[in-house]
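Asks: structure here, sequence nowhere to be found:
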């Protein structure tokens, strides 16, 4: 018996039901502070799902930036589950909740091409495996990326402009506070700034090392506004920061200097003295050099033996390299000895004035002093 004509017509295959996942995301970035919260997104999309008469199988939410591809763990898990066939539809508040970068956007379009992702629904658009709708999705995703890129450039321009106008971008260094009101954007921290001034003075006038500064700060229980002690690296960064005498180095890695509008707490002269002290490189015992008077002089205050340090400086105008030697108390007997550094040339001048008046024969040191003076004159 021949089949009827109706029996010969193939029956249309009923499409498989879509298993929907609701994805909600919000970043903590400045530009997304006005976006709907995660809970608001979920509430709005559930209302729309009821209106569309679709059932949400699972809700996934995430607080993460979407500027870089492959960095969102919840989104990555959703993509993996779509590839495995657990979901084939996404409900989300807007397309930029899914992607603000080319990598993640490309993955979504590839899943549509593979028919593993059937549909994406937002509060304003629907995207399916239609060429026009996929093109629109890519346009919206590219637009979101363009906005991100331009926003990043605008932020950089704004920071440079702020520095050029005399205000340091970012968090104010210790000894200052961010005000944010009117023109006076950075103000002096009345509680901590005197300690910062004294720190500079101790290094410049008492030849404190970084470790000695840290020991002193710990002894007085000095803490930042976040109740933290200063670590050694932070101390050195502070001592090298021109902000304290009124200039702004921005970006920090460049040599660009701007005149600041904030109130300086130290003078340029004090800052330069500190840089001179920081440039003195202590010699280790294994690589110690022979200095003229380290073995025959003692500190007059604490009777510790005198030590010396060598510093080489290149003159920018001529390219000449000059050698400077500084003597100072070794502080073995008194870590808090306040005697400052003295340059070798100044020390020589003082010794030459005193040599004829010193009675050193009884301790056998007169000839030793003469020998050292002659050796110094030869090396110079």
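Replies: Done, it's in. Since the structure is predicted, the reported quantities are computational estimates derived from the model, not experimental observations.

Asks: now do the helices in the stretch 251-380 of the chain.
Replies: Applying DSSP state H, counting those that start in this stretch to the stretch 251-380 of the chain gives helices spanning 268-278, 344-354, 366-379.

Asks: low pLDDT regions in the stretch 101-250 of the chain?
Replies: 148-156, 158-159, 180-184 (pLDDT under 70).

Asks: that one: strands as residue ranges?
Replies: 119-121, 126-128, 176-181, 184-188, 247-249 (DSSP state E, counting those that start in this stretch).

Asks: can I get these in CSV with mean neighbour count and distance to residue 229?
Replies: For glycine as for every other residue, the C-beta is placed from the backbone atoms N, C-alpha and C. Formatted as CSV, those follow (neighbours: other Cβ atoms under 10 Å; distance: least, Cβ to Cβ, whole Å):
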stretch, mean neighbour count, distance to residue 229
strand 119-121, 20, 52
strand 126-128, 17, 55
strand 176-181, 14, 19
strand 184-188, 17, 21
strand 247-249, 20, 25
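
Asks: still on that earlier bit, the helices of the stretch 251-380 of the chain: lowest mean pLDDT?
Replies: Among these, helix 366-379 carries the lowest mean pLDDT, at a mean of 55.

Asks: please list all residues in contact with residue 326.
Replies: Counting by Cβ atoms under 8 Å, 6 or more residues apart in numbering, residue 326 makes contact with 280, 308-309, 311, 341-344.

Asks: re earlier: JSON lines for the strands of the stretch 101-250 of the chain, including distance to residue 199?
Replies: Shown next, in JSON lines, are these (distance: least, Cβ to Cβ, whole Å):
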{"stretch": "strand 119-121", "distance to residue 199": "59"}
{"stretch": "strand 126-128", "distance to residue 199": "61"}
{"stretch": "strand 176-181", "distance to residue 199": "14"}
{"stretch": "strand 184-188", "distance to residue 199": "15"}
{"stretch": "strand 247-249", "distance to residue 199": "18"}
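
Asks: closest to residue 268 out of these?
Replies: Closest approach to residue 268 among the strands of the stretch 101-250 of the chain (Cβ to Cβ): strand 247-249, 8.5 Å.

Asks: the closest one: partners in the sheet, and parallel or antiparallel?
Replies: Its sheet considered, strand 247-249 pairs with strand 257-259 (antiparallel) by DSSP bridges.
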